[in-house]
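Return atomic coordinates for the entry below.
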Amino acid sequence: MLGLFKRFGFAAVVVAGLALMLFVVVGKATTEAVLGAAGSATASPAPGGRGGGRGGGATNVVAVAAQMHTFTDGLQAIGTAQARESIVLTPKVADTIRRLHFESGDQVRAGQVLVEMSSVEQAASLAEARAANQAAQEDLRRTQDLFDRGFASQARLDAVQAAADAAEARFNAGGSRIADRTIRAPFAGVVGLRLASPGQYVRPGDQIGTLDDTSEIKLDFTVTETQIARIAPGVSLTAHTAAYPDRTFSGSIANVDSRIDPATRTVRVRAILPNQDGTLRPGMLMTVDVQSNPRDALAIPEIAILDQIDGAYVYRVVAREGAQSVELARIRVGQRAGGMAEVLEGLSAGDQVITEGVQSVRPGQPVQLGQSQPAAEGALPLRPRGR
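You can find the predicted model right below:
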């Protein structure tokens, strides 16, 4: 017997182990099958449920009528505001400021004296030149009278004429030196911060202040060369600035540069914005919306569109057998802007498309319009994702 165990004992142990493993695997599979059947029975929908959106009654939805809307081939850019005219007040000669005729923020008229430099020596020289010029002109008058009466030669008259001309030139030069010490406003505008004081010694190039004409604002921005066809003088645009987020500033393009920058492949454009109230200031950063090629086209709210791989679709409300139901209509969409989408094909004016409840309806399903409204001009909520 011991001999038999020694001969067959190892094989018996192996067979017993395999039988135990088979028992465990079969029992686990049986348990999972029972639990899965119970879970499926629990997850089954109750009779009379919606069953994926198909209820017994009509589904409430909101529809919007397709109607005409104005679209533009717009483009956006960033620009910097500049004054219509702008200069830095600086002296022509080195001298001391005798008097300032403005304060920071003053509105000045064209030709108004703003700064007077010290000119005592120049004033004395001018007075001397004025006296000499008057004497020379009087001498010329008397010599001309003598020449006309035959008591003076032509040579004498020519010499007196030359002296009179030289005296007048010296007088004019003295007046020019005085004028160089007086700074006048070349145009009407607003003076900036005063940066000098009476008695201060200044040299050419030293800044005394600034003068800006802000009745209009020049707005310069750049566009790529591929967009030049949309840009032309007279095209309207709107601009916005972070300083006044609730305001829109309207204007038009005034000029387009004659050259394209070969490094950036852009062209510089200048627009004019009215600024009678002085709200805009030079140096402001502004965003520009150019509104070129305005046109009227059939449009619907962008939220109604279902974008699929093979195209765009909408749910259109139709009347069938005295009730309202939906059908899936394929459309061709053009430009999208401001929450509205241009419809090129697939709809007619007055067709109602579902904007709220899109995910709850299927083709042929009856619907009940909760509120039918015309398409709005403003921005609308984001459109739903396609199924």
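
quick one, what contacts Glu327?
Shown in contact with Glu327 (CB atoms under 8 Å, 6 or more residues apart in numbering): 315-316, 318, 363-364. Placement of C-beta: from N, CA and C, glycine included.

And it, how close does it get to Ala299?
From Glu327 across to Ala299, the span is 20 Å (CB to CB, to the nearest Å).

quick revisit: turn the contacts of Glu327 into JSON lines, columns for secondary structure and distance to Ala263.
Converted to JSON lines, the contacts of Glu327 look like this (DSSP: H, G, I helix; E, B strand; the rest coil; distance: CB to CB, whole Å):
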{"residue": "Tyr315", "secondary structure": "strand", "distance to Ala263": "51"}
{"residue": "Arg316", "secondary structure": "strand", "distance to Ala263": "52"}
{"residue": "Val318", "secondary structure": "strand", "distance to Ala263": "58"}
{"residue": "Pro363", "secondary structure": "coil", "distance to Ala263": "56"}
{"residue": "Gly364", "secondary structure": "coil", "distance to Ala263": "60"}
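
and after the host helix or strand of Thr143, which helix or strand comes next?
Using DSSP states H and E, Thr143 maps to helix 120-148. Beyond helix 120-148 on the C-terminal side, the first helix or strand identified by DSSP H and E is helix 154-180.

Just the buried positions in that following helix, please.
Of the residues in helix 154-180, 157, 160, 163-164, 167-168, 170-171, 174, 177-178, 180 count as buried by neighbour count, 16 or more other CB atoms under 10 Å.

Give me the mean pLDDT for the longest strand anywhere in the chain.
Longest strand of the chain, by residue count under DSSP state E: strand 244-261. Per-region confidence: strand 244-261 scores 92 on mean pLDDT.

Now do it: everything it contacts.
By CB under 8 Å, 6+ apart, strand 244-261 touches 217-219, 222, 225, 228, 231-241, 266-275, 279-280, 286, 290.

Buried residues in it, which are they?
Buried positions in strand 244-261, judged by neighbour count with 16+ other CB under 10 Å: 249, 251, 253.

Would you mind measuring from the closest residue to Thr241 other than its chain neighbours to Val269?
Nearest residue to Thr241, sequence neighbours excluded (CB to CB, 6 or more residues apart in numbering): Met286, at 4.8 Å. Between Met286 and Val269 the distance is 13 Å, computed by CB to CB.

Ile87 now?
Relative to Val269, and taking CB to CB, Ile87 is found at 24 Å.

Which one of those two is surrounded by more residues?
Each of Ile87 and Val269 has its neighbours counted (other CB atoms under 10 Å); Val269 has more, 26 against 15.

between the one helix or strand the more buried one maps to and strand 244-261, how big is the angle?
Secondary structure assigned from DSSP H and E places Val269 in strand 266-274. Strand 266-274 and strand 244-261 are oriented at 140 degrees to each other (axes from the mean of the first three to the mean of the last three CA atoms, to 10 degrees).

next helix or strand past strand 266-274?
As assigned by DSSP H and E, the chain's next helix or strand after strand 266-274 is strand 285-290.

and stretch 237-250, C-alpha only, in PDB?
What follows is stretch 237-250 as a C-alpha-only set of coordinates in PDB (Å, rounded to 0.1, in the frame of the first residue of the first chain):
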ATOM      1  CA  LEU A 237     -15.900 101.400 -37.900                       C
ATOM      2  CA  THR A 238     -16.400 101.300 -34.200                       C
ATOM      3  CA  ALA A 239     -13.800 101.500 -31.500                       C
ATOM      4  CA  HIS A 240     -13.700 100.600 -27.800                       C
ATOM      5  CA  THR A 241     -11.300 101.400 -25.000                       C
ATOM      6  CA  ALA A 242     -10.900  99.800 -21.600                       C
ATOM      7  CA  ALA A 243     -11.200 103.300 -20.000                       C
ATOM      8  CA  TYR A 244     -14.900 103.400 -21.000                       C
ATOM      9  CA  PRO A 245     -16.000  99.800 -21.400                       C
ATOM     10  CA  ASP A 246     -19.700 100.700 -21.800                       C
ATOM     11  CA  ARG A 247     -19.200 103.200 -24.600                       C
ATOM     12  CA  THR A 248     -18.800 102.700 -28.400                       C
ATOM     13  CA  PHE A 249     -17.000 105.300 -30.500                       C
ATOM     14  CA  SER A 250     -17.900 105.500 -34.100                       C
END
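
one step back: the longest strand of the chain - which strands sit beside it in the sheet, and in what orientation?
strand 236-241 (antiparallel), strand 266-274 (antiparallel) (DSSP bridges).

quick one, it and strand 285-290 angle?
70 degrees.

can you give me the offset of strand 244-261 from its chain's centre?
Mean C-alpha position of strand 244-261 versus that of the full chain (CA atoms, centre = their mean, to the nearest Å) differs by 8 Å.

Ends of stretch 234-245, what's the gap?
Counting by CA to CA, to the nearest Å, the length from the leading to the trailing residue of stretch 234-245 is 25 Å.

what's the answer for stretch 268-283, then?
OK, stretch 268-283 end separation, CA to CA: 17 Å.

contacts for it?
Residues contacting stretch 268-283 (CB under 8 Å, 6+ apart): 77, 79-83, 86, 190, 212, 214-223, 231, 237, 239, 241, 244, 247, 249-257, 261, 288.

average pLDDT across the helix or strand harbouring Gln324?
Assessed by DSSP H and E, Gln324 sits inside strand 323-337. Mean pLDDT, strand 323-337: 87.

what's downstream of it, the next helix or strand?
strand 340-345.

And the helix or strand that comes right after that next one, what does it pack against?
Reading on from strand 340-345 to the C-terminus, the next helix or strand found by DSSP H and E is strand 352-356. Counting contacts by 3 or more CB pairs under 8 Å, 6 or more residues apart in numbering; DSSP states H and E, strand 352-356 packs against strand 59-65, strand 295-301, strand 311-320, strand 367-374.
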